[in-house]
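Participant: no sequence for this one, just the structure:
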């Protein structure tokens with residue numbers, strides 16, 4: 001806990017880490033929707049930031065806990081495949097392993113690329129709670145922006161919007 005901040009605790013840090021991992025699996029289009037309302041930080045004064053962040057994270061966790069396990073697993077699988085796909089290229093594999101990627105790694109690379117392109121199916125009954133959780137988590141990170149842990153996609157979206165305005 002930081003001196004003078006009763007809300008800055010290890011429990012909050014653990015919740016942030018867990019929820020930021022979840023947010024990283026949320027499809028990009030939901031982040032764009034969440035950022036349409038990103039002025040929350042301007043509304044919350046410094047003295048209420050800790051309480052506001054905790055309230056947002058608590059409500060988001062309620063939404064997350066209500067999502068089906070198989071949906072969360074699909075989201076994690078897709079996010080991991082996208083991350084691996086970005087790393088896997090025939091050139092980088094050749095440099096790392098010094099082997100012919102056609103013989104050694106290309107089948108794995110192709111499998112990952114297919115998984116990365118597969119859409120996560122969002123039924124109507126899960127779309128709204130997933131979208132709500134995404135909005136709440138983005139808002140919580142905007143309130144807590146001074147800790148440096150914001151999703152890089154959120155930072156990129158914000159930067160693009162700043163340049164356009």
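Facilitator: Perfect, I can see it now. Computed from a predicted structure; not experimentally measured. Numbers count the residues shown, from 1 in each chain.

Participant: all contacts plus neighbour counts: C-alpha atoms, from now on.
Facilitator: OK.

Participant: Tell me where the protein is predicted with low confidence.
Facilitator: 1-7, 37-47, 88-106, 108-110, 112-118, 146-147 (pLDDT under 70).

Participant: The same query, at a cut-off of 80, please.
Facilitator: Along the chain, segments meeting pLDDT under 80 span 1-8, 33-48, 82-122, 145-149, 157-158, 161-162, 165.

Participant: all helices in it, in order from the N-terminus.
Facilitator: 10-24, 28-34, 40-43, 49-65, 69-87, 90-97, 101-104, 106-117, 124-143, 152-164 (DSSP state H).

Participant: buried set for the last one?
Facilitator: Within helix 152-164, the residues that count as buried by 16 or more other Cα atoms under 10 Å are residue 154.

Participant: got the contact list for residue 25?
Facilitator: 75, 76, 78, 79 (Cα atoms under 8 Å, 6 or more residues apart in numbering).

Participant: Quick one: buried ones out of those?
Facilitator: Here, 16+ other Cα under 10 Å leaves 75, 76, 78, 79 buried among the contacts of residue 25.

Participant: How about the first one: what's its closest non-neighbour residue?
Facilitator: This means residue 75. The shortest distance from residue 75 to any non-neighbouring residue, by Cα to Cα, 6 or more residues apart in numbering, is to residue 25 (5.3 Å).

Participant: Now the one you found: phi and psi?
Facilitator: The phi/psi pair for residue 25 (degrees, to the nearest 10) reads phi -90, psi -10.

Participant: how many other residues sit next to residue 21?
Facilitator: The tally of other residues near residue 21 (other Cα atoms under 10 Å) stands at 13.

Participant: same deal with residue 143?
Facilitator: 26.

Participant: about what we covered before: which of the helices of the chain sits most buried?
Facilitator: Of all the helices of the chain, helix 124-143 has the most neighbours on average by mean count of other Cα atoms under 10 Å, namely a mean of 21.

Participant: which helices and strands sit right next to it?
Facilitator: Applying 3 or more Cα pairs under 8 Å, 6 or more residues apart in numbering; DSSP states H and E, one finds that helix 124-143 contacts helix 10-24, helix 28-34, helix 40-43, helix 49-65.
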